[in-house]
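In: Model the structure of this input:
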Amino acid sequence: MRTNTYLPWISLLLPACLHIPVAHADMPIFDTHLHYSRQDAETIRPSDFIHIMDLNHITRAVVTGTPNTHTTSLYLASPSRIVPFLGVYQTPDDKERWHQDVALPVRVKRQLESGYWAGIGELHLFARNRDSAVFKDLIQLARDHNLILLMHCDPAVIDSLFQQNPDARVIWAHAGAYPYPPLLNDYLARYPNLSIDLSVRDELIAPGGKLGSEWEELLLDNSDRFMVGVDTYSPVRWSHYNDVVQRIRTWLTQLPEDVATRLAYRNAEHLFGPAGNRVSP
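Out: Here you go, the predicted model:
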């Protein structure tokens, strides 16, 4: 039966959860960077997704996918815990060329009429394409609908985005293309509405599990601007979900408790508001 295909994923996840130290397991996490796309949905049902969240003490999660139908199914299964972002890609190949698709803004505008989207993205874009007219249209749509933009980009794109809309609300995925503490500190000072998710940067932040001094200083000085996430960028990533969450908790607990809880979930709660809070069409 089809349901049997889901069972190995849960059996892989459960043992790791049982071995997380109590101090780590008790810390709630708001995962601000997850993908739930066609390949994920083939092996993980929405109920399994929520079960994975429960096992790992994940209170809420930002989710995007290709195509959007899978994000929608997940949100409808648990609207109080899933924060849906509208992905603009119809296929994985669109990651490289979406900024050239002149029909994209019209499709996005139509999809936003559903009214439950909290943001747009993840958008992959780099300096050479930062003046794309399609990108400018998406910035305007985000402004019109009061949506957050999730950007996978370099610093030049962040500059262009805020030049077009100084009031934009932006999450810089993976601490940017150049995740250097001095650069990040500079950009946080430039743009008050810029938040940063630290997904897939755990080894940079805490090599071997020990929080680096430069990162510690950056996080202490900007404790209200950072969030954490796992980033399930491929189906295989789900089999490591527990390990990644445990790694995040390990370096979080090396920070003062108030700072750790801000990064773990309070900053995201402040950014997204109460559970179930959505924009109106």
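
In: show me where the protein has helices.
Out: Ranges of helices in the chain, per DSSP state H, are 7-18, 22-25, 38-43, 46-55, 68-77, 104-111, 133-144, 155-164, 181-190, 202-205, 213-221, 241-252, 257-261, 267-272.

In: mind checking which of those is nearest Phe126?
Out: helix 155-164 (6.6 Å; Cβ to Cβ). Every C-beta, even on glycine, is put in place using the N, C-alpha and C of the backbone.

In: who's in contact with that closest one?
Out: The contact list for helix 155-164, computed with Cβ atoms under 8 Å, 6 or more residues apart in numbering, reads 125-127, 130-131, 135-136, 139-140, 149, 151, 168, 170, 172, 176-178, 183, 187, 190-191, 193-194.

In: pLDDT averaged over it, what's the number?
Out: What helix 155-164 shows for mean pLDDT is 98.

In: Pretty sure Ile82 sits against Thr72.
Out: No. Ile82 is beyond contact range of Thr72, at 9.7 Å (criterion: Cβ atoms under 8 Å).

In: Between the two, which is the more surrounded one?
Out: Remark: of Ile82 and Thr72, Ile82 carries more neighbours, 27 against 19, as counted by other Cβ atoms under 10 Å.

In: Compute the distance between the nearest residue to Leu112 once chain neighbours are set aside and Gly119, please.
Out: Excluding the flanking residues, the one nearest Leu112 by Cβ to Cβ, 6 or more residues apart in numbering is His145, at 5.5 Å. According to Cβ to Cβ, to the nearest Å, His145 stands 9 Å off from Gly119.

In: ok, those two, which is more surrounded?
Out: Gly119 (24 against 20).

In: what sits against the nearest residue to the more buried one once chain neighbours are set aside?
Out: Nearest residue to Gly119, sequence neighbours excluded (Cβ to Cβ, 6+ apart): Ile148, at 3.7 Å. Contacts for Ile148 (Cβ under 8 Å, 6+ apart) come out as 85, 118-121, 142, 169-171, 271-272.

In: And Leu141, by the same measure?
Out: Leu141 touches 105, 108-109, 112, 120, 147, counting by Cβ under 8 Å, 6+ apart.

In: repeat for Asp94
Out: 66, 88, 101.

In: Next up, phi/psi of the last one, please.
Out: Asp101 adopts backbone torsions of phi -90, psi 100, taken as degrees, to the nearest 10.

In: That one touches Val134, doesn't it?
Out: Yes. The criterion here is Cβ under 8 Å, and Asp101 meets it with Val134 at 6.1 Å.

In: Of those two, give the one with the bigger neighbour count.
Out: A direct count of neighbours by other Cβ under 10 Å for Asp101 and Val134 places Val134 higher, at 19 against 16.

In: Can you tell me how far the residue most central in space within the chain is from Pro105?
Out: The chain has His33 as the residue nearest its centroid, 2.1 Å off, counting by Cα atoms, centre = their mean. Using Cβ to Cβ, His33 is found at 24 Å from Pro105.
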